[in-house]
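Peer 1: here is my input; please provide its structure:
(2 chains)
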There are 2 protein chains.
Amino acid sequence: MENEPLLMIPGPVPVPEKVRMAMLRQAINHRGPEFGSIYAESVRVLKDLFHTGNELFILSGSGTAAMEAAIGNFGRDRRIVSLVNGKFGERMGKIGQRYGDVTVIQSDWGAPLDLEGLERALEEGAELVTLVHNETSSGIKNPAAAVGKLTRKHGALFVMDGITSIGGDLVDVDAWGVDVAFVGSQKCLAAPPGLSAVSVSKKAWERLSEKRPYYLDLAAYRKSAANSPMETPYTPAVPLFLALREALAIVEREGLEKRIGRHRRLAEAVRAAVAAWGLPMFPRLDPLHEYSNTVTAVAIPDGVNEKVLRATVKGFGIEIAGGQDQLKGRIFRIGHMGAVSAPEILATISAVEFALGKAGWKTRESGVSAACRVLG
Amino acid sequence: MENEPLLMIPGPVPVPEKVRMAMLRQAINHRGPEFGSIYAESVRVLKDLFHTGNELFILSGSGTAAMEAAIGNFGRDRRIVSLVNGKFGERMGKIGQRYGDVTVIQSDWGAPLDLEGLERALEEGAELVTLVHNETSSGIKNPAAAVGKLTRKHGALFVMDGITSIGGDLVDVDAWGVDVAFVGSQKCLAAPPGLSAVSVSKKAWERLSEKRPYYLDLAAYRKSAANSPMETPYTPAVPLFLALREALAIVEREGLEKRIGRHRRLAEAVRAAVAAWGLPMFPRLDPLHEYSNTVTAVAIPDGVNEKVLRATVKGFGIEIAGGQDQLKGRIFRIGHMGAVSAPEILATISAVEFALGKAGWKTRESGVSAACRVLG
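Peer 2: Okay, the predicted model is just below:
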């Protein structure tokens, strides 16, 4: 129906028309009551999605900017421990290296994290722990509550990347003891890319680094947010704020619980199809780790060319994702986050099923039927 | 005609409908040939506006992000000298302090810069010079060519903020020897706020700092831009890229020379009105310094309340700017950059003239007539 391919990748995701329409407005002054109330309203809804009473700010920068804001404001010259089982965990470690003294606790991509290693690092004096809650590069959901409990026990700061989980899966920043959490606009919130939001606990403020980045200085964000009307310290990307406000109104109308339920059901449908195809899920789980509810990573079987597979799917006007870095050619990934629902999932599964067959893979049974049984 | 007030402030500025319409598109994958060609096309036009053969990158962040990119990538632990005669010069100095060892060469806001002081600092070993070409806070245009000449003579790097001049006034990055120059999207380019573009000379690359910010790491931008298709290292604010591309197409259709001529004529019209009103221009000039062609700063006469003046103008649906920080209440500023032309200028001058009269200021003669004589 649309002219653009349907993006079934782990973000950016399709954006509802109403959200895109919000960007049509003529330029408004970002130092004024209207922008202030748009900002304040968005913060109110985001705090609900984060499950937090902490202060929260919206940055004109992608999720990576939020990662750097977390580490650059609270991690400078500190002992950082980074839990890594995918590309974004790795990125947190790399950012950490630009500011502090990083110990990486490395697992294979898609394998469970080493929480015993974390405990040892905390006992040895780690001051800040970084975790990617939902690792889209490998399709695994990491045990944020358990990491939070350990981190709190040792008095360290807990920085959690919720870029691809907040607003689509259950996140409880306050119950889990997350000191700095963040989300990206173009993932579960189904807004356009370019913004991120960061929450900061009292404990984190008490440990604010003296020397901070400038554009991403959260103390400056805090000061401007306290103005009336509420402001950002530097010129914000106003059209994206207008779009985000609209996207959050849609989230609020759906209701968070229902939204999380929808994401879970879509994920179950995709997993049912993968099982029907007889393909292995890529992540290796243990009792603490789960499959992501916002993206599914599937191991490519021998003899199937991942590029050809995705090209066949693209022939139907649907984009799915391959693997990143070391996983190139080894997995494919289907994103199911944001505003998508049964029609997009069924179309995607149909196309992937066709592409698998064309590539010579004998599916055990129909993935489409399996998905329909979950969604029907 | 529009529902929104007409923004005659020094950015953000009114955005042509076609530019805003470009943001309506459904989300596209930013790792693909279409985004790559949008990015490449925009870089091509921007290089023309910068007058540079240097590499150029578009950042998903405001002009302040570009300032930090310049200093964070090339100024760490270096001896920086910041020329200051307004708020944005000051900001460059503040960013410098987060990275290096800064000497501020301070002039009064709106007064000529101290180039003898600059020469002394360079003789004493300054390694990087920061200059704001067009200081919107005080309405003065600083002598970039002269600063470039001095800086080059001493082998230092020249970082120039062209946020509110590039695309509206004459800037010649290569002739002036600017090593790092940048522009903001929401100023003379008449695109929405949220993007900035940075050019980097070979000399600057040779002095790239080892330790750099992450989100604003220009080496990462360089690496991703060399990909085919051209990419950004982190998720870009795609709708703003689509809008910028459209805005640059409009710039190209107008032609840079004609566009600069239009800005100059609009500035002359506003200055003619100010003279007719018998009000003093705020900047103090010398043979090297000029009035800005993109914003006019006017001293508020005794007995006129700046807030009331602006409120009266706002009653006509037109926003002009007051002074910032130490200039609050002491000046008002009329922005005349981007896509605006005679109608917006005449409406603004009419409204300001009315507001001055209402505030009890006896204008010498009609500013509207004076502006018409320039524009007619």
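Peer 1: which parts of the stretch 101-250 of chain A sit against chain B?
Peer 2: A:184, A:186, A:192-195, A:211-216, A:234-240, A:243 (Cβ under 8 Å from any Cβ of the partner chain). C-betas here are computed from N, CA, C, even on glycine.
Peer 1: and those, which are buried?
Peer 2: Buried residues within these, counting neighbours by 16 or more other Cβ atoms under 10 Å in any protein chain shown: A:184, A:186, A:192-195, A:212-216, A:234-240, A:243.
Peer 1: restricted to helices, list the residues of the stretch 101-250 of chain A next to chain B.
Peer 2: Among these, the ones falling in helices (DSSP state H) are A:238, A:239, A:240, A:243.
Peer 1: turn these into a markdown table, including pLDDT and distance to residue A:346.
Peer 2: Putting those into a markdown table (pLDDT from 0 to 100; distance: Cβ to Cβ, whole Å) gives the following:
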| residue | pLDDT | distance to residue A:346 |
| --- | --- | --- |
| A:238 | 98 | 37 |
| A:239 | 98 | 33 |
| A:240 | 98 | 31 |
| A:243 | 98 | 27 |
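Peer 1: can you give the domain ranges for chain A?
Peer 2: A:6-11+A:256-375, A:17-253 (automatic domain parsing).
Peer 1: all helices for the stretch 251-376 of chain A, in order.
Peer 2: A:256-277, A:306-314, A:342-358, A:367-375 (DSSP state H, counting those that start in this stretch).
Peer 1: identify each buried residue in stretch A:11-28, please.
Peer 2: By 16+ other Cβ under 10 Å, the buried positions in stretch A:11-28 come out as A:11-16, A:19-20, A:22-23, A:25-28.
Peer 1: again, but for stretch A:365-373
Peer 2: Buried residues in stretch A:365-373, defined by neighbour count with 16+ other Cβ under 10 Å: A:367, A:368, A:370, A:371, A:372.
Peer 1: what is the mean pLDDT for that stretch?
Peer 2: Averaging pLDDT along stretch A:365-373 gives 98.
Peer 1: leaving out the residues flanking it, which one is nearest to residue A:147?
Peer 2: Distances taken as Cβ to Cβ, 6 or more residues apart in numbering or on different chains place residue A:131 nearest to residue A:147, at 5.0 Å, with adjacent residues excluded.
Peer 1: which one of the domains of chain A is the most hemmed in?
Peer 2: With neighbours taken as mean count of other Cβ atoms under 10 Å in any protein chain shown, those reach their highest mean count in domain A:17-253, at a mean of 22.
Peer 1: any regions of chain A where pLDDT drops low?
Peer 2: A:1-2 (pLDDT under 70).
Peer 1: what sits against residue A:120?
Peer 2: Contacts for residue A:120 (Cβ atoms under 8 Å, 6 or more residues apart in numbering or on different chains) come out as none.
Peer 1: helix or strand: which one has it?
Peer 2: Here residue A:120 sits within helix A:115-123, counting by DSSP states H and E.
Peer 1: could you dump that helix to CSV, C-alpha only?
Peer 2: In CSV, the C-alpha atoms belonging to helix A:115-123 read as follows (Å, rounded to 0.1, in the frame of the first residue of the first chain):
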residue,chain,number,x,y,z
LEU,A,115,26.8,-12.8,36.4
GLU,A,116,29.4,-14.5,38.5
GLY,A,117,32.0,-12.5,36.7
LEU,A,118,30.0,-9.4,37.4
GLU,A,119,29.9,-10.2,41.1
ARG,A,120,33.6,-10.6,41.2
ALA,A,121,34.1,-7.3,39.4
LEU,A,122,31.8,-5.6,41.8
GLU,A,123,33.7,-7.1,44.7
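Peer 1: Serialize the helices of the stretch 251-376 of chain A to CSV and add fields for distance to chain B.
Peer 2: CSV is the format used below for the helices of the stretch 251-376 of chain A (distance: least, Cβ to the nearest Cβ, whole Å):
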stretch, distance to chain B
helix A:256-277, 18
helix A:306-314, 10
helix A:342-358, 12
helix A:367-375, 23
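Peer 1: mind putting the ones you listed in CSV, distance to residue B:206 included?
Peer 2: Shown next, in CSV, are the helices of the stretch 251-376 of chain A (distance: least, Cβ to Cβ, whole Å):
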stretch, distance to residue B:206
helix A:256-277, 49
helix A:306-314, 38
helix A:342-358, 48
helix A:367-375, 55
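Peer 1: of those, which is nearest residue B:360?
Peer 2: Closest to residue B:360 of the helices of the stretch 251-376 of chain A is helix A:256-277 (Cβ to Cβ; 56.4 Å).
Peer 1: helices or strands up against the closest one?
Peer 2: With contacts taken as 3 or more Cβ pairs under 8 Å, 6 or more residues apart in numbering or on different chains; DSSP states H and E, helix A:256-277 sits against strand A:295-299, helix A:342-358, helix A:367-375.
Peer 1: make CSV out of these and add distance to residue A:148.
Peer 2: Converted to CSV, the helices and strands packed on helix A:256-277 look like this (distance: least, Cβ to Cβ, whole Å):
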stretch, distance to residue A:148
strand A:295-299, 22
helix A:342-358, 31
helix A:367-375, 31
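Peer 1: and these: which comes nearest residue B:220?
Peer 2: strand A:295-299 (24.1 Å).
Peer 1: who touches the helix or strand where residue A:19 lies?
Peer 2: Following DSSP H and E, one finds residue A:19 within helix A:17-21. Helix A:17-21 is contacted from outside by A:190, A:191, A:192, A:243, A:246, A:247, A:250, B:23, B:24, B:25, B:26, B:239, using Cβ under 8 Å, 6+ apart.
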